[in-house]
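A.B. asks: next come a sequence and a model predicted from it.
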Amino acid sequence: MNLRSSRLLRELRTGKHPTCFKLNLGDPRVVELCGLSGASAVWICNEHVSNDWFNLENQIRAAKLYDLDSIVRVEKGSYSDYVKPFEADATAIMVPHVKTAEEAAHIVEMTRFHPVGRRALDGGNPDGRYCQVGVADYLAHSNSERLLIFQIESPEAVENVEAIAAVTGFEVLLFGPGDFSHLVGKAGQIDAPEVVAARKRVAAAAKNYGKYMMAPGLIAPRAVLEAEGFRIFSLGADVLGLADYMRAKLTAFQNGSPAGKSEPIL
């Protein structure tokens, strides 16, 4: 029985630049819309958004209908918070606020199977096809086709980023300009010199240690980010898209002119 490979990894390995949308809304139908759009992945947030495990499993299932990878940003917490998204067959977990190499190595140990880590074995969930695949295949697939993304979001993390990037067993670093700018007293100023310098340092560390870089948005022009080594791009969020659409429609109506192309009657 075939296990689904990661679309992100397939595209990265062939030199492409995978795309992603962040979801704040919990409806699995929003995941389907991302799949219909042609994106490579969805970023499902469990850190700042209310969601439950059963709904998360349905969101991940919706993604697989469209060969869409699912990235779950986990709560910063226990072993179960990190492992259960993988057991629900998420393609990746994103761990926020990773600050040290020791912490990064501990997360690898909890979420990778032997010989990489010491993750507990239970193949009776969607990722193991409910025990319908062999153990050896399940373990090998989990270690090779599932990703760990570590967020670097604080001055302490940036100071330690080279040591973090040197840790084996994970694939992606993501620089968080929002929290970093806030913590250096420049909240929201993602173009501030300190923030740009930190972004470049994280990208250089990723490149030097063979890790991929993910952009949490177009935090600089695409050509600039690509030159710095960014390979995965999150292009926006569902709540922003809906708000922009509604605002545009209301503005057009108030101005007495139609907005955009004609639309189906719903």
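C.D. replies: Structure received.
A.B. asks: going forward, measure contacts between C-alpha atoms and count neighbours the same way
C.D. replies: OK.
A.B. asks: ok, how many other residues are close to the nearest residue to L183 once chain neighbours are set aside?
C.D. replies: Sequence neighbours aside, S154 is the residue nearest to L183 in space, at 6.6 Å (criterion: Cα to Cα, 6 or more residues apart in numbering). In terms of burial, S154 registers 23 neighbours under the definition other Cα atoms under 10 Å.
A.B. asks: now swap in E156 and tell me
C.D. replies: 14.
A.B. asks: just A120 next, same as before
C.D. replies: What A120 shows, counting by other Cα under 10 Å, is a neighbour count of 13.
A.B. asks: the strands in this structure, which residues?
C.D. replies: In the chain, the strands defined using DSSP state E lie at 19-23, 41-45, 69-73, 92-95, 147-152, 172-175, 212-215, 230-237.
A.B. asks: give the other helices and strands that the lowest-mean-pLDDT helix or strand in the chain contacts.
C.D. replies: Least confident helix or strand, the chain: helix 238-254 with a mean of 93, by mean pLDDT, DSSP states H and E. The contact analysis (3 or more Cα pairs under 8 Å, 6 or more residues apart in numbering; DSSP states H and E) places helix 238-254 against strand 19-23.
A.B. asks: just list whatever residues bridge to the residue nearest the centre of the chain.
C.D. replies: Geometric centre of the chain, nearest residue: I71, 4.2 Å, by Cα atoms, centre = their mean. For I71, the beta-bridge partners are W43, A92 (DSSP bridges).
A.B. asks: please look at it and A88 and confirm they touch.
C.D. replies: No: the pair I71 and A88 does not pass the contact test of Cα atoms under 8 Å, sitting 11.6 Å apart.
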